[in-house]
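**Q** got a sequence here, can you model it:
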Amino acid sequence: MFNLRRFSTPLILIALVLLVALVGSTGSEEFQRTIATMLIFVTATVALYLFAGNSGVLMFGHVAFMAVGGYVTAILSIPEGLREATLPNLPGILANTYVEPTVAILIGAVLATVLALAVGIPLMRLHHIAAAIGTLSLLVIVHVIATNWTNVTNGPQTLVGVPLYTTIWNSFPWVALVIVITFAYQQSRWGRRLRASREDLLAAQAIGVRVTLERMVALVLSAFCLGIAGGLLALFLGAFGPEEFYFKLTFLTIAMLVIGGFRSLSGAVIGALVFSTLSDVLRELQDGGIDVLGVGIHPKPGLQNIVLAAVMLAILVFRPDGITRGRELGWRGKSTRPPGSVAPAAAAADAARSSDVSRVG
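**A** Here you go, the predicted model:
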(Lines give C-alpha, C1' and ligand atoms only; values in the text may rest on other atoms or scores of the structure.)
Protein backbone atom coordinates (compact mmCIF):
# COMPACT_ATOMS: atom_id res chain seq x y z
CA MET A 1 0.00 0.00 0.00
CA PHE A 2 1.32 3.43 -0.96
CA ASN A 3 2.27 5.40 2.15
CA LEU A 4 1.77 9.06 1.26
CA ARG A 5 3.21 10.29 4.55
CA ARG A 6 6.50 8.53 3.83
CA PHE A 7 6.94 10.65 0.71
CA SER A 8 5.63 13.87 2.23
CA THR A 9 9.04 15.55 2.30
CA PRO A 10 9.76 15.55 -1.47
CA LEU A 11 6.12 16.32 -2.24
CA ILE A 12 6.13 19.36 0.04
CA LEU A 13 9.46 20.59 -1.29
CA ILE A 14 8.43 20.19 -4.93
CA ALA A 15 5.14 21.94 -4.15
CA LEU A 16 7.11 24.78 -2.52
CA VAL A 17 9.34 25.14 -5.57
CA LEU A 18 6.26 24.99 -7.81
CA LEU A 19 4.66 27.81 -5.79
CA VAL A 20 7.79 29.92 -6.25
CA ALA A 21 7.72 29.17 -9.99
CA LEU A 22 4.05 30.14 -10.27
CA VAL A 23 4.64 33.42 -8.44
CA GLY A 24 7.67 34.15 -10.60
CA SER A 25 5.86 33.46 -13.86
CA THR A 26 3.36 36.27 -13.12
CA GLY A 27 6.05 38.94 -12.81
CA SER A 28 8.11 40.97 -15.24
CA GLU A 29 10.77 39.46 -17.46
CA GLU A 30 13.49 40.56 -15.06
CA PHE A 31 11.63 38.99 -12.13
CA GLN A 32 11.22 35.75 -14.07
CA ARG A 33 14.97 35.63 -14.67
CA THR A 34 15.52 36.15 -10.96
CA ILE A 35 13.26 33.19 -10.13
CA ALA A 36 14.96 31.05 -12.80
CA THR A 37 18.31 31.82 -11.16
CA MET A 38 16.83 30.84 -7.80
CA LEU A 39 15.76 27.45 -9.18
CA ILE A 40 19.26 26.84 -10.51
CA PHE A 41 20.67 27.54 -7.06
CA VAL A 42 18.15 25.16 -5.51
CA THR A 43 19.33 22.44 -7.89
CA ALA A 44 23.00 23.05 -7.09
CA THR A 45 22.46 23.24 -3.32
CA VAL A 46 20.41 20.04 -3.19
CA ALA A 47 23.07 18.28 -5.28
CA LEU A 48 25.74 19.48 -2.85
CA TYR A 49 23.66 18.22 0.09
CA LEU A 50 23.36 14.78 -1.51
CA PHE A 51 27.05 14.18 -0.83
CA ALA A 52 28.12 16.65 1.85
CA GLY A 53 24.99 16.43 4.00
CA ASN A 54 24.83 12.64 4.03
CA SER A 55 28.56 12.03 4.41
CA GLY A 56 29.43 14.91 6.73
CA VAL A 57 32.42 15.69 4.49
CA LEU A 58 32.48 19.34 3.44
CA MET A 59 33.19 19.52 -0.28
CA PHE A 60 34.74 22.62 -1.85
CA GLY A 61 35.12 21.11 -5.31
CA HIS A 62 31.48 20.60 -6.26
CA VAL A 63 31.54 23.53 -8.70
CA ALA A 64 34.13 21.60 -10.75
CA PHE A 65 31.36 19.18 -11.73
CA MET A 66 29.11 22.13 -12.52
CA ALA A 67 31.84 23.53 -14.79
CA VAL A 68 32.10 20.26 -16.70
CA GLY A 69 28.33 20.10 -17.11
CA GLY A 70 28.16 23.76 -18.08
CA TYR A 71 30.87 23.73 -20.73
CA VAL A 72 29.81 20.42 -22.28
CA THR A 73 26.19 21.58 -22.44
CA ALA A 74 27.16 24.93 -23.94
CA ILE A 75 29.49 23.51 -26.61
CA LEU A 76 27.04 20.83 -27.73
CA SER A 77 24.08 23.21 -27.92
CA ILE A 78 25.72 26.10 -29.82
CA PRO A 79 24.31 26.10 -33.38
CA GLU A 80 26.79 24.71 -35.91
CA GLY A 81 27.28 27.87 -37.98
CA LEU A 82 27.83 30.01 -34.91
CA ARG A 83 30.09 27.37 -33.37
CA GLU A 84 32.51 27.57 -36.30
CA ALA A 85 32.90 31.30 -35.69
CA THR A 86 33.11 31.04 -31.90
CA LEU A 87 35.31 27.95 -31.59
CA PRO A 88 37.02 27.46 -34.97
CA ASN A 89 39.60 24.99 -33.61
CA LEU A 90 37.24 22.51 -31.99
CA PRO A 91 38.15 18.83 -32.48
CA GLY A 92 36.17 17.20 -35.28
CA ILE A 93 33.73 15.21 -33.17
CA LEU A 94 32.72 18.31 -31.22
CA ALA A 95 32.72 20.61 -34.22
CA ASN A 96 30.24 18.38 -36.06
CA THR A 97 27.95 17.44 -33.16
CA TYR A 98 24.86 19.41 -32.25
CA VAL A 99 22.14 18.23 -29.87
CA GLU A 100 19.09 19.80 -28.31
CA PRO A 101 19.65 21.62 -24.98
CA THR A 102 17.83 18.93 -22.97
CA VAL A 103 20.04 16.18 -24.38
CA ALA A 104 23.12 18.39 -23.95
CA ILE A 105 22.32 18.80 -20.25
CA LEU A 106 22.12 15.03 -19.82
CA ILE A 107 25.41 14.49 -21.67
CA GLY A 108 27.09 17.14 -19.53
CA ALA A 109 25.76 15.47 -16.39
CA VAL A 110 27.08 12.09 -17.53
CA LEU A 111 30.56 13.50 -18.21
CA ALA A 112 30.53 15.16 -14.78
CA THR A 113 29.79 11.69 -13.40
CA VAL A 114 32.75 10.28 -15.32
CA LEU A 115 34.98 12.91 -13.68
CA ALA A 116 33.64 11.88 -10.27
CA LEU A 117 34.47 8.24 -11.00
CA ALA A 118 37.99 9.21 -12.10
CA VAL A 119 38.89 11.30 -9.05
CA GLY A 120 36.61 9.79 -6.43
CA ILE A 121 38.65 6.81 -5.24
CA PRO A 122 41.66 8.80 -3.97
CA LEU A 123 39.56 11.72 -2.70
CA MET A 124 37.01 9.57 -0.84
CA ARG A 125 39.77 7.96 1.21
CA LEU A 126 40.47 11.31 2.86
CA HIS A 127 38.76 12.57 6.00
CA HIS A 128 37.92 15.92 7.61
CA ILE A 129 40.01 18.90 6.46
CA ALA A 130 42.13 16.76 4.13
CA ALA A 131 39.02 15.83 2.14
CA ALA A 132 37.94 19.48 1.90
CA ILE A 133 41.38 20.54 0.66
CA GLY A 134 41.48 17.64 -1.80
CA THR A 135 38.17 18.62 -3.37
CA LEU A 136 39.29 22.26 -3.48
CA SER A 137 42.35 21.11 -5.44
CA LEU A 138 40.01 19.47 -7.94
CA LEU A 139 38.21 22.77 -8.42
CA VAL A 140 41.49 24.58 -9.07
CA ILE A 141 42.61 21.93 -11.58
CA VAL A 142 39.36 22.11 -13.55
CA HIS A 143 39.49 25.91 -13.53
CA VAL A 144 43.06 25.93 -14.85
CA ILE A 145 42.10 23.51 -17.63
CA ALA A 146 39.06 25.60 -18.57
CA THR A 147 41.21 28.74 -18.61
CA ASN A 148 43.95 27.29 -20.81
CA TRP A 149 42.16 24.86 -23.13
CA THR A 150 41.48 27.59 -25.65
CA ASN A 151 40.46 25.34 -28.54
CA VAL A 152 37.56 23.87 -26.58
CA THR A 153 36.53 26.40 -23.92
CA ASN A 154 37.74 29.65 -25.54
CA GLY A 155 40.17 29.94 -22.65
CA PRO A 156 39.86 32.95 -20.36
CA GLN A 157 37.67 34.70 -22.93
CA THR A 158 33.90 34.64 -22.77
CA LEU A 159 32.22 31.71 -24.49
CA VAL A 160 29.37 33.22 -26.52
CA GLY A 161 26.56 31.94 -28.70
CA VAL A 162 25.04 29.62 -26.08
CA PRO A 163 21.24 29.45 -26.57
CA LEU A 164 19.12 30.97 -23.80
CA TYR A 165 17.18 27.84 -22.93
CA THR A 166 16.77 28.03 -19.14
CA THR A 167 13.51 29.56 -18.03
CA ILE A 168 11.34 28.99 -14.99
CA TRP A 169 9.36 26.17 -16.56
CA ASN A 170 12.32 24.62 -18.38
CA SER A 171 14.27 24.39 -15.13
CA PHE A 172 11.44 23.27 -12.82
CA PRO A 173 11.38 19.61 -14.04
CA TRP A 174 15.14 19.38 -13.45
CA VAL A 175 14.76 20.76 -9.92
CA ALA A 176 12.03 18.22 -9.17
CA LEU A 177 14.18 15.42 -10.62
CA VAL A 178 17.18 16.32 -8.44
CA ILE A 179 14.98 16.52 -5.32
CA VAL A 180 13.51 13.07 -6.07
CA ILE A 181 16.96 11.55 -6.70
CA THR A 182 18.32 13.00 -3.47
CA PHE A 183 15.34 11.86 -1.39
CA ALA A 184 15.44 8.36 -2.90
CA TYR A 185 19.15 8.10 -2.11
CA GLN A 186 18.89 9.25 1.49
CA GLN A 187 16.09 6.73 2.11
CA SER A 188 18.03 3.87 0.53
CA ARG A 189 20.35 1.43 2.28
CA TRP A 190 23.33 3.26 0.73
CA GLY A 191 22.18 6.54 2.25
CA ARG A 192 21.66 4.99 5.69
CA ARG A 193 25.07 3.36 5.64
CA LEU A 194 26.74 6.64 4.65
CA ARG A 195 24.95 8.56 7.40
CA ALA A 196 26.07 5.91 9.87
CA SER A 197 29.68 6.71 8.92
CA ARG A 198 28.86 10.41 9.32
CA GLU A 199 27.63 9.89 12.88
CA ASP A 200 30.46 7.57 13.96
CA LEU A 201 33.09 6.57 11.43
CA LEU A 202 34.73 3.90 13.58
CA ALA A 203 31.43 2.30 14.58
CA ALA A 204 30.32 2.13 10.95
CA GLN A 205 33.60 0.55 9.88
CA ALA A 206 33.34 -1.92 12.77
CA ILE A 207 30.03 -3.32 11.46
CA GLY A 208 31.43 -3.70 7.95
CA VAL A 209 30.47 -0.50 6.17
CA ARG A 210 32.96 0.24 3.40
CA VAL A 211 33.08 3.98 3.82
CA THR A 212 35.07 4.73 0.67
CA LEU A 213 32.59 2.82 -1.49
CA GLU A 214 29.56 4.46 0.15
CA ARG A 215 31.07 7.91 -0.36
CA MET A 216 31.79 7.06 -3.99
CA VAL A 217 28.12 6.23 -4.61
CA ALA A 218 27.04 9.56 -3.12
CA LEU A 219 29.73 11.48 -5.01
CA VAL A 220 28.72 10.00 -8.36
CA LEU A 221 25.04 10.82 -7.84
CA SER A 222 25.94 14.29 -6.57
CA ALA A 223 28.18 14.92 -9.59
CA PHE A 224 25.37 13.92 -11.96
CA CYS A 225 22.99 16.40 -10.31
CA LEU A 226 25.66 19.10 -10.20
CA GLY A 227 26.25 18.57 -13.92
CA ILE A 228 22.56 19.26 -14.48
CA ALA A 229 22.82 22.47 -12.44
CA GLY A 230 25.89 23.55 -14.43
CA GLY A 231 24.12 22.93 -17.72
CA LEU A 232 21.11 24.95 -16.61
CA LEU A 233 23.37 27.81 -15.54
CA ALA A 234 25.25 27.82 -18.85
CA LEU A 235 21.99 27.89 -20.82
CA PHE A 236 20.72 30.68 -18.59
CA LEU A 237 23.75 32.96 -18.97
CA GLY A 238 24.21 32.54 -22.72
CA ALA A 239 27.77 33.83 -22.41
CA PHE A 240 30.22 32.98 -19.64
CA GLY A 241 33.86 32.43 -18.77
CA PRO A 242 35.75 30.19 -16.33
CA GLU A 243 35.23 32.64 -13.45
CA GLU A 244 31.49 31.89 -13.45
CA PHE A 245 32.35 28.40 -12.17
CA TYR A 246 34.87 29.23 -9.50
CA PHE A 247 35.15 30.52 -5.95
CA LYS A 248 32.14 32.85 -5.89
CA LEU A 249 29.70 30.13 -6.91
CA THR A 250 31.44 27.68 -4.57
CA PHE A 251 30.92 29.76 -1.46
CA LEU A 252 27.42 30.89 -2.46
CA THR A 253 26.14 27.32 -2.63
CA ILE A 254 27.90 26.34 0.59
CA ALA A 255 26.39 29.38 2.32
CA MET A 256 22.92 28.39 1.13
CA LEU A 257 23.33 24.88 2.50
CA VAL A 258 24.68 26.10 5.85
CA ILE A 259 21.89 28.67 6.25
CA GLY A 260 19.15 26.18 5.50
CA GLY A 261 20.54 23.24 7.39
CA PHE A 262 23.52 21.12 6.47
CA ARG A 263 21.91 17.79 7.42
CA SER A 264 18.51 17.84 5.73
CA LEU A 265 17.11 17.95 2.23
CA SER A 266 14.53 20.49 3.39
CA GLY A 267 17.35 22.69 4.67
CA ALA A 268 19.05 22.63 1.26
CA VAL A 269 15.89 23.76 -0.54
CA ILE A 270 14.83 26.35 2.04
CA GLY A 271 18.36 27.69 2.42
CA ALA A 272 18.69 28.27 -1.33
CA LEU A 273 15.29 29.98 -1.53
CA VAL A 274 15.87 32.19 1.53
CA PHE A 275 19.42 33.16 0.61
CA SER A 276 18.50 33.92 -3.02
CA THR A 277 15.50 36.01 -1.98
CA LEU A 278 17.45 37.98 0.60
CA SER A 279 20.34 38.52 -1.82
CA ASP A 280 18.03 39.84 -4.53
CA VAL A 281 16.17 42.17 -2.15
CA LEU A 282 19.44 43.60 -0.87
CA ARG A 283 20.74 44.03 -4.42
CA GLU A 284 17.63 45.98 -5.40
CA LEU A 285 17.94 48.09 -2.27
CA GLN A 286 21.61 48.75 -2.93
CA ASP A 287 21.06 49.69 -6.58
CA GLY A 288 17.83 51.68 -6.33
CA GLY A 289 17.56 52.83 -2.73
CA ILE A 290 14.33 53.14 -0.74
CA ASP A 291 12.04 55.92 0.49
CA VAL A 292 11.17 55.97 4.22
CA LEU A 293 8.63 58.65 5.26
CA GLY A 294 9.54 60.68 2.22
CA VAL A 295 13.26 60.47 2.93
CA GLY A 296 15.33 58.78 0.25
CA ILE A 297 17.85 56.26 1.57
CA HIS A 298 20.56 55.21 -0.84
CA PRO A 299 22.88 52.61 0.69
CA LYS A 300 26.52 52.52 -0.28
CA PRO A 301 27.90 49.70 -2.46
CA GLY A 302 28.76 46.64 -0.40
CA LEU A 303 25.56 46.58 1.65
CA GLN A 304 24.51 43.28 0.09
CA ASN A 305 27.69 41.46 1.06
CA ILE A 306 27.77 42.96 4.55
CA VAL A 307 24.18 42.03 5.40
CA LEU A 308 24.50 38.53 3.94
CA ALA A 309 27.66 37.96 5.95
CA ALA A 310 25.94 39.23 9.10
CA VAL A 311 22.97 36.93 8.51
CA MET A 312 25.28 33.96 8.07
CA LEU A 313 27.16 34.84 11.23
CA ALA A 314 23.93 35.20 13.20
CA ILE A 315 22.67 31.81 12.00
CA LEU A 316 25.97 30.14 12.83
CA VAL A 317 25.86 31.61 16.35
CA PHE A 318 22.17 31.22 17.24
CA ARG A 319 21.10 28.32 14.99
CA PRO A 320 24.24 26.37 14.12
CA ASP A 321 22.11 23.59 12.60
CA GLY A 322 20.51 26.01 10.15
CA ILE A 323 16.97 27.28 9.69
CA THR A 324 15.49 23.77 9.69
CA ARG A 325 17.82 22.54 12.45
CA GLY A 326 18.50 19.47 10.38
CA ARG A 327 14.83 18.40 10.29
CA GLU A 328 12.72 17.42 7.32
CA LEU A 329 9.36 18.97 6.51
CA GLY A 330 6.37 16.65 6.90
CA TRP A 331 2.57 16.59 7.02
CA ARG A 332 0.42 18.21 9.73
CA GLY A 333 2.79 21.16 9.97
CA LYS A 334 5.29 19.08 11.92
CA SER A 335 8.88 18.37 11.03
CA THR A 336 10.07 14.80 10.96
CA ARG A 337 13.24 13.45 12.46
CA PRO A 338 16.12 14.11 10.11
CA PRO A 339 17.74 11.05 8.56
CA GLY A 340 20.68 9.96 10.63
CA SER A 341 19.74 12.13 13.64
CA VAL A 342 19.70 9.16 16.00
CA ALA A 343 22.58 8.32 18.29
CA PRO A 344 25.71 7.06 16.51
CA ALA A 345 25.33 3.51 17.79
CA ALA A 346 21.69 3.40 16.72
CA ALA A 347 22.56 4.80 13.30
CA ALA A 348 25.19 2.13 12.85
CA ALA A 349 22.74 -0.56 13.91
CA ASP A 350 20.16 0.78 11.45
CA ALA A 351 22.72 0.63 8.68
CA ALA A 352 23.57 -2.93 9.62
CA ARG A 353 19.91 -3.98 9.51
CA SER A 354 19.39 -2.33 6.11
CA SER A 355 21.51 -4.86 4.28
CA ASP A 356 23.40 -8.08 4.63
CA VAL A 357 26.58 -7.09 6.47
CA SER A 358 28.47 -9.96 4.94
CA ARG A 359 27.92 -8.40 1.51
CA VAL A 360 28.97 -4.95 2.68
CA GLY A 361 32.12 -5.95 4.54
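**Q** alpha carbons only for contacts and neighbour counts from here, please
**A** Noted.
**Q** contacts only, for Leu139.
**A** Leu139 makes contact with 60-64, 246 under the criterion CA atoms under 8 Å, 6 or more residues apart in numbering.
**Q** for Met38, see how far away it is.
**A** Using CA to CA, to the nearest Å, Leu139 is found at 23 Å from Met38.
**Q** for the host helix or strand of Thr212, buried residues please.
**A** Assignment of secondary structure by DSSP states H and E places Thr212 within helix 211-237. By 16 or more other CA atoms under 10 Å, the buried positions in helix 211-237 come out as 211-237.
**Q** neighbouring contacts of whichever helix or strand comes after it?
**A** Once the chain leaves helix 211-237, the next helix or strand it forms, by DSSP H and E, is helix 247-260. With contacts defined as CA under 8 Å, 6+ apart, helix 247-260 is touched by 41, 44-45, 48-49, 60-63, 266-272, 274-275, 312, 315-316, 321-325.
**Q** make a PyMOL selection of whichever of those turn out to be buried.
**A** Selecting only the buried entries of the contacts of helix 247-260 in PyMOL, with 16+ other CA under 10 Å as the criterion:
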select buried, resi 41+44+45+48+49+60+61+62+63+266+267+268+269+270+271+272+274+275+312+315+321+322+323+324+325
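**Q** who are the packing partners of the host helix or strand of Ile93?
**A** Per DSSP H and E, Ile93 falls inside helix 92-95. Helices and strands touching helix 92-95, as assessed by 3 or more CA pairs under 8 Å, 6 or more residues apart in numbering; DSSP states H and E, comprise helix 80-86.
**Q** check which residues of the helix it packs on are buried.
**A** For helix 80-86, by 16+ other CA under 10 Å, it's 80, 83, 86.
**Q** cool, stretch 270-289 as well?
**A** Judged by neighbour count using 16+ other CA under 10 Å, the buried positions of stretch 270-289 are 270-276, 279-280, 282-283, 285-286.
**Q** ok, the residues you listed vs Val68, which is closest?
**A** Ala272 (21.9 Å; CA to CA).
**Q** how about the helices in the stretch 1-150 of the chain?
**A** For the stretch 1-150 of the chain, the helices defined by DSSP state H, counting those that start in this stretch occupy 8-25, 29-55, 62-77, 80-86, 92-95, 101-123, 128-148, 150-153.
**Q** again, but for the stretch 251-361 of the chain
**A** 265-288, 303-318, 344-353, 357-360.
**Q** among these, which comes closest to His127?
**A** Among the helices of the stretch 251-361 of the chain, the nearest to His127 by CA to CA is helix 344-353 (17.6 Å).
**Q** show me the contacts for Leu48.
**A** The neighbourhood of Leu48, defined by CA under 8 Å, 6+ apart, consists of 59, 62, 222, 226, 253-254, 257.
**Q** so what pLDDT did it get?
**A** On pLDDT, Leu48 comes in at 96.
**Q** distance of it relative to Gly302?
**A** 27 Å.
**Q** do the same with Val317
**A** Applying CA to CA, the value for Val317 to Gly302 is 23 Å.
**Q** go on, Gly161?
**A** Counting by CA to CA - Gly161 and Gly302 are separated by 32 Å.
**Q** these two: who's more crowded?
**A** Gly161 (19 against 11; other CA atoms under 10 Å).
**Q** go ahead and confirm the more buried one touches Phe236.
**A** No: in this structure, Gly161 is not within contact of Phe236 by CA atoms under 8 Å, at 11.7 Å.
**Q** Gly322 versus the residue nearest to Ala64 when sequence neighbours are not counted, what's the distance?
**A** Using CA to CA, 6 or more residues apart in numbering and skipping the chain neighbours, the partner closest in space to Ala64 is Leu139 (4.8 Å). Look at Leu139 and Gly322: by CA to CA, they are 26 Å apart.
**Q** same deal with Glu29?
**A** From Glu29 to Gly322 the distance is 32 Å (CA to CA).
**Q** also Leu126?
**A** Per CA to CA, Leu126 is found 26 Å from Gly322.
**Q** kindly report the same for Ile179.
**A** As judged by CA to CA, Ile179 and Gly322 stand 19 Å apart.
**Q** next one: the residue nearest to Ala64 from Gly69, what distance?
**A** Distance from Leu139 to Gly69, by CA to CA: 13 Å.
**Q** any residues in contact with both of the two?
**A** By CA under 8 Å, 6+ apart, no residue touches both Leu139 and Gly69.
**Q** so Thr147 touches Ile141, yeah?
**A** No: counting by CA under 8 Å, Thr147 sits too far from Ile141 to count as a contact (9.9 Å).
**Q** the helix holding Thr212 vs helix 101-123, what angle?
**A** 150 degrees (axes from the mean of the first three to the mean of the last three CA atoms, to 10 degrees).
**Q** quick one: helix 211-237 to helix 29-55, angle?
**A** 170 degrees.
**Q** which strands and helices sit next to helix 211-237?
**A** Using 3+ CA pairs under 8 Å, 6+ apart: helix 211-237 touches helix 29-55, helix 62-77, helix 101-123, helix 168-187, helix 189-199.
**Q** again, 10 Å this time
**A** On a contact count with 3 or more CA pairs under 10 Å, 6 or more residues apart in numbering; DSSP states H and E, helix 211-237 meets helix 29-55, helix 62-77, helix 101-123, helix 168-187, helix 189-199, helix 201-206, helix 357-360.
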